[in-house]
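>>> below is the structure, and that's it, no one-letter string:
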């Protein structure tokens with residue numbers, strides 16, 4: 001029988017439970033969110049806790065919903081009145097407080113109310129999953145496992161799945177596939193050991209860092225300088241992350257873990273130092289209390305003060321004056337940078353050598369206790385904590401022999417896994433053999449092939465297999481097989497420069513000659529940041545207006561060629577898809593968008609307007625359902641606002657609301673599947689006897705609509721909410737969107753609209769204030785409102 005998930009129940013409406021419910025709603029699944037009933041005189045209704053949680057979700061600074069309308073998919077209730085409703089759901093996910101007895105008591109009630117065959121999982125971050133279900137019904141235990149989400153669940157892609165001895169294999173396979181495809185997760189199997197993989201290693205890293213800090217006399221701000229982006233970790237580093245998680249929570253997890261791991265040779269690291277208990281007793285427990293290792297203070301440099309661990313008083317944050325840090329920052333490769341740092345004999349080098357060596361030895365010693373796969377361990381730490389390198393990748397970057405020597409110098413015993421690797425011919429955890437990536441397998445004592453996940457296409461794998469057809473400094477053409485060629489950007493920020501333009505033309509030429517379809521996609525940090533602004537600023541400073549106009553017209557024609565191509569074109573967009581990158585995608589026959597796609601025509605921030613067809617496309621999409629007699633002021637005002645405020649959508653769903661994506665464009669929840677889905681979308685178009693669209697006529701409003709559009713920025717300028725120059729840009733934009741100086745609503749050609757875009761764009765390049773805006777963005781990454 002084909003299993004479907006139409007409705008889930010999330011038990012526990014706290015921060016984690018409510019956000020998990022929100023993400024199931026993002027996946028199109030109806031959700032029942034339950035918590036304890038309100039029985040006191042608080043004024044809340046009986047479902048008040050769950051109701052308040054649902055309201056809070058819709059106001060969070062980091063949105064848990066792709067779109068607020070998804071909140072309508074969540075119903076609320078309580079444990080006293082609504083457990084009988086569990087019989088009508090397909091998946092019950094327990095997410096109550098991290099207390100064994102509380103979870104166990106609730107699960108006993110769940111067993112009595114669920115329907116046979118429904119999934120039941122726990123979001124515990126480290127309690128024994130098998131023991132939680134001991135003594136419950138056989139059917140319950142067959143359908144029971146751990147699903148450990150990370151916070152916030154929408155943005156954090158890691159999901160640890162923990163099966164028990166009783167879990168049916170097909171249930172594990174189903175949950176794995178569903179969470180991968182529908183929830184967009186990187187699914188990692190973890191063993192039913194305390195704290196699983198992620199929290200076991202991360203907590204050791206934090207506690208070992210604290211231990212080394214105290215032993216070497218370093219301070220909180222010095223350690224955070226050393227354990228953040230400098231070594232390929234999050235900007236939160238160690239102690240800012242502890243403040244976010246809660247100092248009290250960290251202390252509780254460490255205290256709970258110590259007795260659960262009697263055979264762990266490093267278990268004493270989980271005995272918390274006295275200052276942590278003192279912090280908790282003084283309620284210095286982190287962000288939720290307003291003070292922890294840091295306290296916000298707008299009067300302080302950087303807006304925060306740091307805790308002195310000796311006095312438990314706050315002082316200004318100080319930047320350590322170690323020359324090695326500046327030298328290290330010049331090294332772009334994370335592995336090389338960390339290797340340079342740990343070989344230094346100044347305080348930074350000694351600290352990092354001690355902490356990283358301890359972490360790497362500890363991680364190797366946990367194989368096969370917490371996992372059989374070193375690749376899974378690496379993926380857990382990179383996807384769960386945004387590390388650039390997983391532990392075993394870092395072993396290789398530093399050199400296994402080097403780390404082993406530092407361990408021996410520090411009196412650490414080498415784990416069996418490390419000894420086995422040192423005895424192997426390659427003496428590395430991961431190796432590249434011809435076109436194949438291989439990782440060391442402890443159980444067999446050999447390197448085994450690491451296969452790409454099913455239904456994925458990885459650019460790195462395509463390259464390893466020798467399927468690069470053409471390449472230059474900024475872009476390449478890759479053969480994806482089945483007659484589909486892929487245009488990959490790899491310029492800085494995937495910006496659109498002359499080399500990219502050259503390869504766009506080449507891609508259309510090649511697909512016309514001998515391929516079935518073209519996909520445009522890559523695996524950078526984002527799809528494209530738009531045009532090369534430095535190049536444009538240089539031409540503007542030179543007053544080379546002819547070259548600017550020539551370049552803009554070239555870009556317009558290149559983008560039109562994607563639509564005019566006799567073979568299907570599909571853009572695989574994700575993350576930041578901005579300015580020219582957004583316009584390029586809008587001209588493809590289809591867009592396959594990752595759910596986490598942030599699209600926007602943001603040119604006004606640089607003192608410009610979109611001139612690659614973005615204005616033209618948004619007007620066309622907004623007025624195409626209207627006749628010439630219909631009033632079109634309202635839809636055109638929406639276009640004017642979208643471009644005029646440089647709106648960037650918060651998701652692919654929002655991009656559809658603002659017509660940056662079409663209703664016919666598709667969304668991929670798991671970005672790892674994006675290129676494969678885009679390829680399939682292209683092949684689907686091929687099988688439907690694809691024919692390119694005819695050049696459309698576009699309905700514009702003329703002078704009357706232009707006057708209505710100009711009124712908004714005029715009133716904002718009068719209220720001093722925008723500058724005079726913002727108003728001037730607004731007038732230029734209104735002129736283009738309204739179709740120029742036409743006396744009445746009219747249908748116009750694409751070329752006509754592109755001419756208006758081009759004229760406005762070139763004229764703005766000649767303005768000093770636009771050049772100042774471009775320069776500021778290049779220097780600071782932030783817009784200037786001059």
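Happy to help now that I have it. Because the structure is predicted, anything quoted here is derived from the model rather than measured. Numbers count the residues shown, from 1 in each chain.
>>> buried sites along the helix or strand hosting residue 592?
Counting by DSSP states H and E, the element that carries residue 592 is strand 590-600. Buried residues in strand 590-600, defined by neighbour count with 16 or more other CB atoms under 10 Å: 590-600. Backbone N, C-alpha and C define where each C-beta goes, glycine included.
>>> ok, the residue nearest in space to the middle of the chain to residue 24 distance?
In the chain, the residue lying closest to the centroid (CA atoms, centre = their mean) is residue 155, at 5.5 Å. Distance of residue 155 to residue 24, given as CB to CB, to the nearest Å: 15 Å.
>>> so where do the helices sit in the stretch 651-786 of the chain?
Assigned by DSSP state H, counting those that start in this stretch, the helices in the stretch 651-786 of the chain fall at 652-657, 674-687, 703-718, 724-737, 750-765, 768-780.
>>> contacts made by the last one with the rest, please.
So the one you mean is helix 768-780. The contact list for helix 768-780 (CB atoms under 8 Å, 6 or more residues apart in numbering) reads 533-534, 536-537, 540-541, 605-608, 725, 764-765, 782-784, 786.
>>> pLDDT value on the closest residue to residue 202 other than its chain neighbours, please?
In this structure, residue 202 finds its nearest non-sequential neighbour in residue 385, 6.1 Å apart by CB to CB, 6 or more residues apart in numbering. Predicted confidence (pLDDT) for residue 385: 92.
>>> my guess is residue 385 meets residue 235, correct?
No. Assessed by CB atoms under 8 Å, residue 385 is found out of contact with residue 235, at 12.0 Å.
>>> neighbour count winner among the two?
Counted by other CB atoms under 10 Å, residue 385 and residue 235 do not tie: residue 385 has more neighbours, with 19 against 10.
>>> where are the low-confidence patches of the chain?
Counting by pLDDT under 70, the chain shows low-confidence ranges at 1, 41-44.
>>> gap between residue 457 and residue 480?
Distance, residue 457 to residue 480, using CB to CB: 6 Å.
>>> which neighbours do those two share?
675, 679.
>>> now the strands for the stretch 251-400 of the chain?
294-296, 304-308, 313-316 (DSSP state E, counting those that start in this stretch).
>>> can you point out the buried residues in the longest one?
This points to strand 304-308. Within strand 304-308, judged by 16+ other CB under 10 Å, the buried ones are 304-307.
>>> same for that strand, what does it pack against?
Judged by 3 or more CB pairs under 8 Å, 6 or more residues apart in numbering; DSSP states H and E, the packing partners of strand 304-308 are helix 220-226, strand 294-296, strand 313-316.
>>> now it, how far from the centre of its chain.
Between the centre of strand 304-308 and the centre of its chain there are 30 Å (CA atoms, centre = their mean, to the nearest Å).
>>> dump the buried residues of strand 304-308 to CSV, plus distance to residue 105.
CSV is the format used below for those (distance: CB to CB, whole Å):
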residue, distance to residue 105
304, 41
305, 43
306, 42
307, 38
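>>> what's the closest of those to residue 430?
For the buried residues of strand 304-308, the closest approach to residue 430 (CB to CB) belongs to residue 306, at 37.6 Å.
>>> pretty sure the closest one is touching residue 314, no?
Yes. Counting by CB under 8 Å, residue 306 does reach residue 314; the two are 6.6 Å apart.
>>> you'd agree residue 56 is up against residue 18?
Yes. At 7.2 Å, residue 56 counts as touching residue 18 under the criterion of CB under 8 Å.
>>> more crowded one of the two?
Neighbours were counted for residue 56 and for residue 18 using other CB under 10 Å; residue 18 has more, 27 against 14.
>>> and among the helices and strands packed on strand 304-308, the most buried is which?
Mean neighbour count (mean count of other CB atoms under 10 Å) peaks for helix 220-226 among the helices and strands packed on strand 304-308, with a mean of 23.
>>> helices and strands around that one, which ones?
helix 198-216, helix 239-245, strand 304-308, helix 347-365.
>>> which of those sits closest to residue 276?
It is, among the helices and strands packed on helix 220-226 and with distance given as CB to CB, helix 198-216, at 7.8 Å.
>>> please name every helix or strand in contact with the closest one.
Applying 3+ CB pairs under 8 Å, 6+ apart, one finds that helix 198-216 contacts helix 220-226, helix 247-260, helix 347-365, helix 374-385.
>>> give me the contact list for the shortest one.
The contact list for helix 220-226, computed with CB under 8 Å, 6+ apart, reads 209, 213, 237-240, 293-294, 306-307, 309, 317-320, 325, 347-348, 351-352.
>>> next one: that helix to chain centre, how far?
For helix 220-226, the distance to the chain centre is 25 Å (CA atoms, centre = their mean).
>>> ok now the strand holding residue 592, how far from the chain's centre?
The chain centre lies 13 Å from the centre of strand 590-600; the measure is CA atoms, centre = their mean.
>>> equivalent analysis for stretch 211-219, please.
Counting by CA atoms, centre = their mean, stretch 211-219 is centred 33 Å from the centre of its parent chain.
>>> quick one: contacts of that stretch?
So stretch 211-219 is contacted by 220, 223, 269, 273, 306, 308-309, 318, 347, 350-351, 354-355, 358 (CB under 8 Å, 6+ apart).
>>> who are the neighbours in contact with the residue nearest to residue 15 when sequence neighbours are not counted?
In space, residue 15 comes closest to residue 151 once its chain neighbours are excluded; the distance is 7.0 Å by CB to CB, 6+ apart. Going by CB under 8 Å, 6+ apart, residue 151 touches 15-16, 19.
>>> ok, these vs residue 121, which is closest?
The closest of these to residue 121 turns out to be residue 16 (CB to CB; 13.2 Å).
>>> just to revisit the earlier point, export the helices and strands packed on helix 198-216 to a markdown table and tack on distance to residue 630?
Converted to a markdown table, the helices and strands packed on helix 198-216 look like this (distance: least, CB to CB, whole Å):
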| stretch | distance to residue 630 |
| --- | --- |
| helix 220-226 | 59 |
| helix 247-260 | 58 |
| helix 347-365 | 65 |
| helix 374-385 | 49 |
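>>> ok, back up a step: of all the helices and strands packed on strand 304-308, which lies closest to residue 37?
strand 294-296 (36.2 Å).
>>> distance from that closest one to the middle of the chain?
27 Å.
>>> what about residue 477, which helix or strand?
strand 475-481.
>>> what residues does that strand touch?
Residues from elsewhere that reach strand 475-481 (CB under 8 Å, 6+ apart): 457, 459, 462-463, 467-471, 485-491, 499-500, 502-504, 506-507, 510, 519, 675, 679.
>>> which parts of it are buried?
By neighbour count with 16+ other CB under 10 Å, strand 475-481 contains the buried residues 475-480.
>>> now swap in stretch 679-698 and tell me
679-683, 685, 690, 698.
>>> just stretch 759-772 next, same as before
759-762, 764-765, 767, 769-771.
>>> can you tell me how far residue 412 sits from residue 358?
Using CB to CB, residue 412 is found at 7 Å from residue 358.
>>> the two: which is more packed in?
Neighbours were counted for residue 412 and for residue 358 using other CB under 10 Å; residue 358 has more, 22 against 19.
>>> how about the more buried one, what does it touch?
Counting by CB under 8 Å, 6+ apart, residue 358 touches 208, 212, 266, 410, 412.
>>> the third one: neighbour count?
The number of residues packed near residue 266 is 16, by other CB under 10 Å.
>>> just the second one next, same as before
Residue 212: 19 surrounding residues under other CB under 10 Å.
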